[in-house]
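Engineer: pasted the sequence and its predicted model underneath.
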Amino acid sequence: MKLTTKILWGILLGLIVGLVLNIYFPSVFETLNGYLFAPVGDLFLKAIKMIVVPLVFFSIAMGAAGVADPKKLGRIGGKTILLYLMTTALAITIALVMANVLSPGEGVNVGTPDEKPDIETAPPVKETLLNIVPENPVTALAEGQMLQIIFFALVFGISMALLGNKVNRVREFVEQANEVMMKLVHILMKTVPYAAFALMAKAIGEAGLELVGSMAMYMITLLLALLIHMVVVYGSLLKFLAKLNPFRFFKTMAPAMEVAFTTSSSAATLPVTIEQVEKGMKVPRSISSFVLPLGATINMDGTAIMQGVASIFIAQLYGIDLGITQQLLIILTATLASIGTAAVPSAGIVMLTIVFPTVGLPLEGLGIVLGVDRLLDMARTATNITGDATVATVVAKTEGEITSEESAKTA
């Protein structure tokens, strides 16, 4: 049985087991969750996150060093950031349109949260941007500060490229360390089906039908917005800019999307995303190792869609009228906020603490969307990593790095 099939079975069985236990055997679920589901899921997430920081550092350093021409690196970086910002802005626009059309907060009686959710307030966007440059790279690596790690890895790789043959030994070390990280990925991937089962059973078992049902319209609106964004925006970029078959692309990225769906972490899925883009879409490592780790940190289209839908949803529940000006402000704020969104589960909820006050929405409203956020986080993480892979493929194609023969196979 292929790994992809095993993962799908793991997700399906986890969903069934979690639902049955939640409805008929809640006490049994508590026991199994405490001794099986939660430990297995936590161990997997810890194991795969264990390699994310060194993988991001070595892969970006290698990517920057592999582009010998600084002008080419600047061109690739410019295209990447432009596409990331453009797709994020489009994502929020789609979310706002869908939320205004479907009005998920009207007629939905979910009440007011009894208390404010225990959520750490997100830092201002200005502070996030200023903190990109680390005062101490070692501290940034130890604490997993992804934006700082990416910046340091980028300048480290550029310096290697400029020094050329003088630093061959350093380049060999970085390259071999990157290979070791990728080997660890292959080992960990063998455990994904079991982790997928445990994570899905835990999520469904905790949420249950009653809680999910109370948020039906909110969930439907968000999922539709995610689907439209993937099909229309990503499909158009692949079809018209990269001249590639979108269906072939989505089929190739299915394993990475499955891992993203079960882990709800762009960072944890990064190793699989890199592998599928390089082997399936034939994107060279010099581009994938630069574009994808960057995207895992600053490109959060799925999260941006959640911010847009949640803003309209909460406004409707509280009877707050958001005009065109406020909704344009949501687009701007959420686009900037998505840059600082951590590539970990449910980080988008924290980023709502930036968006809500900007347009006068009560932070207490976060408690309403928290109930089903873990389930929806799975879908939007799959969208996030698909966006990263789309941009990497488009950049590689526009740079002429995907040959005509490879393009023919893809098409």
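Structural biologist: Sure thing, it's come through. All figures in this text were calculated on a predicted structure; none of them were measured in a lab.
Engineer: all strands of this protein, in order?
Structural biologist: Counting by DSSP state E, the chain has no strands at all.
Engineer: and the pLDDT for the residue sitting furthest away from the middle of it?
Structural biologist: In the chain, the greatest distance from the average C-alpha position (Cα atoms, centre = their mean) is reached by Lys166, at 37.4 Å. Note for Lys166: predicted pLDDT of 92.
Engineer: tell me where the model's unsure across the stretch 151-300 of the chain.
Structural biologist: Applying pLDDT under 70 to the stretch 151-300 of the chain flags residues 207-215.
Engineer: now with 50, please.
Structural biologist: Applying pLDDT under 50 to the stretch 151-300 of the chain flags residues 211.
Engineer: show me where it has its helices.
Structural biologist: 168-189, 192-214, 216-228, 235-236, 246-252, 254-263, 266-280, 285-298 (DSSP state H, counting those that start in this stretch).
Engineer: ok, now how distant is Met181 from Ile274?
Structural biologist: 10 Å (Cβ to Cβ, to the nearest Å). To be clear about C-beta, it is placed using only N, CA and C from the backbone, and glycine gets the same treatment.
Engineer: same question, Glu399
Structural biologist: 18 Å.
Engineer: give me the more crowded residue out of these two.
Structural biologist: Each of Glu399 and Ile274 has its neighbours counted (other Cβ atoms under 10 Å); Ile274 has more, 27 against 17.
Engineer: got a list of what the more buried one touches?
Structural biologist: Listed by Cβ atoms under 8 Å, 6 or more residues apart in numbering, the contact partners of Ile274 are Ser59, Met182, Ser288, Ser289, Leu292.
Engineer: one more time with 6 Å, if that's ok
Structural biologist: With contact taken as Cβ atoms under 6 Å, 6 or more residues apart in numbering, Ile274 is in contact with Ser288, Leu292.
Engineer: could you report the neighbour count for Val291?
Structural biologist: 31.
Engineer: got the helices of the stretch 151-300 of the chain as JSON lines, with distance to Gln327 columns?
Structural biologist: Output for those, formatted as JSON lines (distance: least, Cβ to Cβ, whole Å):
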{"stretch": "helix 168-189", "distance to Gln327": "41"}
{"stretch": "helix 192-214", "distance to Gln327": "25"}
{"stretch": "helix 216-228", "distance to Gln327": "14"}
{"stretch": "helix 235-236", "distance to Gln327": "23"}
{"stretch": "helix 246-252", "distance to Gln327": "29"}
{"stretch": "helix 254-263", "distance to Gln327": "28"}
{"stretch": "helix 266-280", "distance to Gln327": "26"}
{"stretch": "helix 285-298", "distance to Gln327": "23"}
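Engineer: mind checking which of those is nearest Leu8?
Structural biologist: Nearest to Leu8 among the helices of the stretch 151-300 of the chain is helix 254-263 (6.8 Å), distances taken as Cβ to Cβ.
Engineer: with just CA atoms, put the closest one into CSV.
Structural biologist: The C-alpha atoms that make up helix 254-263 are tabulated as CSV, following Å, rounded to 0.1, in the frame of the first residue of the first chain:
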residue,chain,number,x,y,z
ALA,A,254,-1.6,15.5,-2.5
PRO,A,255,0.8,13.9,0.0
ALA,A,256,2.0,17.2,1.4
MET,A,257,-1.6,18.5,1.6
GLU,A,258,-2.5,15.4,3.6
VAL,A,259,0.3,15.9,6.1
ALA,A,260,-0.6,19.6,6.4
PHE,A,261,-4.2,18.6,7.0
THR,A,262,-3.3,16.3,9.9
THR,A,263,-0.6,18.3,11.5
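Engineer: touching it from outside, list them.
Structural biologist: In contact with helix 254-263 (Cβ under 6 Å, 6+ apart) are residues Thr4, Ile7, Ala196, Leu199, Thr269, Val272, Thr273, Gln276, Met378, Thr381, Ala382, Ile385.
Engineer: ok, stretch 172-179 next?
Structural biologist: Stretch 172-179 is touched from outside by Phe58, Ser59, Ala61, Met62, with contacts defined as Cβ under 6 Å, 6+ apart.
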